[in-house]
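Q: kindly return the folded structure for what I paste below:
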Amino acid sequence: MRSVASTLLLSILMTSVIAFKVQAATITVVTTESDFRALVGEPVFSEDFSSFVGTSISSGADFGPFSVTGPGISSVDAVTTGFSSVVDINGTYLLTGSSVSSPVVFQFDAPILGFAALISHMISAPSVTIDGVGTAALPSVLGTQFVGFVSDTLFTSFSLFTSSPDGYGIDEVLFSSSAPQAVPTPATLALFVVGLAGLRIRRRIQL
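A: Here you go, the predicted structure:
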């Protein structure tokens, strides 16, 4: 009987872990810095690429807390030498591009909760996928606009896609490493209750 109770408890715990791993991330898209900061809290870190002018990222470039790889036009330029369709962004900016099959990938050294930036000329149905478990549409940008997204789970990488080849600028990056507040889902609560019941049964058998 003890063996049966132990097996039941182990099965419940394994199911809980599996359910947690496959849970899809919920992504909230924002278009103002105030909304972004309200969602992620503090601290918020920034990067304006001013120390990386002329850096090519075609094969990958490290910007300290994160690295970037991307296809096509991928470099850090001054506003006077950038791609003609990209609107000038304050200071220097990351000039890159993506498509359906060739995304721009950001990889962070430590888990983050949200990412935002000034985006220029990202016009072809852009979207973001984080850690392969959550996807959200982003607003198309003709001029320059603040665009950000916040996840309900921490992530270490995301990919930017567009429906056709796009060249666009990214500047004044913000990101947060704050941990989201854990809110148990109904399924998680149910598994927790069943787990407690299993423990109680095992205790009674041992007595």
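
Q: measure V79 to F146 for me?
A: Separation of V79 from F146 (CB to CB, to the nearest Å) stands at 17 Å. In this view, the C-beta of every residue, glycine as well, is placed from N, C-alpha and C.

Q: how about Q107?
A: Counting by CB to CB, the separation of Q107 from F146 is 23 Å.

Q: the two: which has the busier surroundings?
A: Neighbour count, other CB atoms under 10 Å: between Q107 and F146, F146 has more, with 18 against 14.

Q: ends of stretch 117-126, how far apart?
A: One end of stretch 117-126 to the other measures 14 Å (CA to CA, to the nearest Å).

Q: what are the pairing partners of the biggest strand by length in the chain, and which direction each?
A: Residue-count comparison of every strand in the chain, with assignments taken from DSSP state E, identifies strand 141-161 as the longest. Its sheet considered, strand 141-161 pairs with strand 27-30 (antiparallel), strand 104-122 (antiparallel), strand 127-130 (antiparallel) by DSSP bridges.

Q: these: which one's closest to V141?
A: strand 104-122 (4.7 Å; CB to CB).

Q: could I get the buried residue list for that closest one?
A: Applying a neighbour-count criterion of 16 or more other CB atoms under 10 Å, the buried positions in strand 104-122 are 104-106, 108, 112-122.

Q: which of the residues you listed sit farthest apart?
A: Farthest pair in these, by CB to CB: L113 and H121, 27.0 Å.

Q: low-confidence stretches in the chain?
A: Applying pLDDT under 70 to the chain picks out residues 1-23, 72-73, 80-85, 88, 178-207.

Q: in it, which spans are helices?
A: Along the chain, counting by DSSP state H, helices occupy 2-21, 33-40, 186-206.

Q: looking at the buried residues of strand 104-122, which is nearest A24?
A: For those, the closest approach to A24 (CB to CB) belongs to L113, at 16.1 Å.

Q: closest to D152 out of the buried residues of strand 104-122?
A: Of all those, the one sitting nearest D152 is L113; the distance, using CB to CB, is 8.6 Å.

Q: okay, that closest one and L39: tell me how far apart.
A: In this view, L113 and L39 are 8 Å apart by CB to CB.
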